[in-house]
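*Asks:* Please work out how this folds:
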Amino acid sequence: MDRLIIYRALMYGVCGYAMLRGKTEARIVGAVFLVGDLATLWLRSSSYSSVETEILIVDVLAFLAFTYVALVSDRFWPLWIAGLQLTSSMGHLFKAIDAELLPIAYAAALRMWAWPILIILGIGTWRAQRRTARETATPA
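*Replies:* Coordinates of the predicted model:
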């Protein structure tokens, strides 16, 4: 339960920070992450014994949104986030290929990449904020 509290605090803190202080790409990623997380909570079953079709749809939509951000951004961090979301989405493919995949392994494959995505979003937002402050402090 402690892990869940830490995750929720990190998620709301980082996504809130990104949406309040970040540039457009950070705001989009933060909003997509929050909506995707809430949709996953609402749609998931507790068993993970078969492919979670609804979560697959949420993950694919998040991947498409993150990929769009990576394509239009002039920064590198959104590409990392899109890649990690793709890796997370591959868990559904693994379960579809091997129906005997343990439910705990399937659930872990879907969940584990959220942590580094949040960390990258936080660092990317922080660095953009520092860069903006540095550019406005030195007159051109």
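*Asks:* And the helix or strand bottoming out on mean pLDDT in the chain, what does it pack against?
*Replies:* Taking mean pLDDT, DSSP states H and E as the measure, the chain has helix 103-111 as its least confident helix or strand, at a mean of 90. Judged by 3 or more C-beta pairs under 8 Å, 6 or more residues apart in numbering; DSSP states H and E, the packing partners of helix 103-111 are helix 77-97. Where C-beta positions appear, they are placed from N, C-alpha and C, glycine not excepted.
*Asks:* neighbouring contacts of the least confident helix or strand of the chain?
*Replies:* Helix 103-111 is contacted from outside by 47-49, 52, 55, 59, 88, 90-92, 94-95, using C-beta atoms under 8 Å, 6 or more residues apart in numbering.
*Asks:* Which members of those residues are classed as buried?
*Replies:* 48, 52, 55, 59, 88, 91-92, 95 (16 or more other C-beta atoms under 10 Å).
*Asks:* Return the member of those residues nearest to G36.
*Replies:* Nearest to G36 among the buried ones among the contacts of helix 103-111: D59, at 7.5 Å, using C-beta to C-beta.
*Asks:* returning to what we had before: as JSON lines, the buried ones among the contacts of helix 103-111 with pLDDT and distance to T125 would be great.
*Replies:* What follows is the buried ones among the contacts of helix 103-111, written out as JSON lines (pLDDT from 0 to 100; distance: C-beta to C-beta, whole Å):
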{"residue": "Y48", "pLDDT": "85", "distance to T125": "32"}
{"residue": "E52", "pLDDT": "89", "distance to T125": "30"}
{"residue": "I55", "pLDDT": "92", "distance to T125": "26"}
{"residue": "D59", "pLDDT": "96", "distance to T125": "22"}
{"residue": "S88", "pLDDT": "91", "distance to T125": "20"}
{"residue": "G91", "pLDDT": "92", "distance to T125": "27"}
{"residue": "H92", "pLDDT": "93", "distance to T125": "28"}
{"residue": "K95", "pLDDT": "92", "distance to T125": "33"}
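*Asks:* Perfect, I'm done here.
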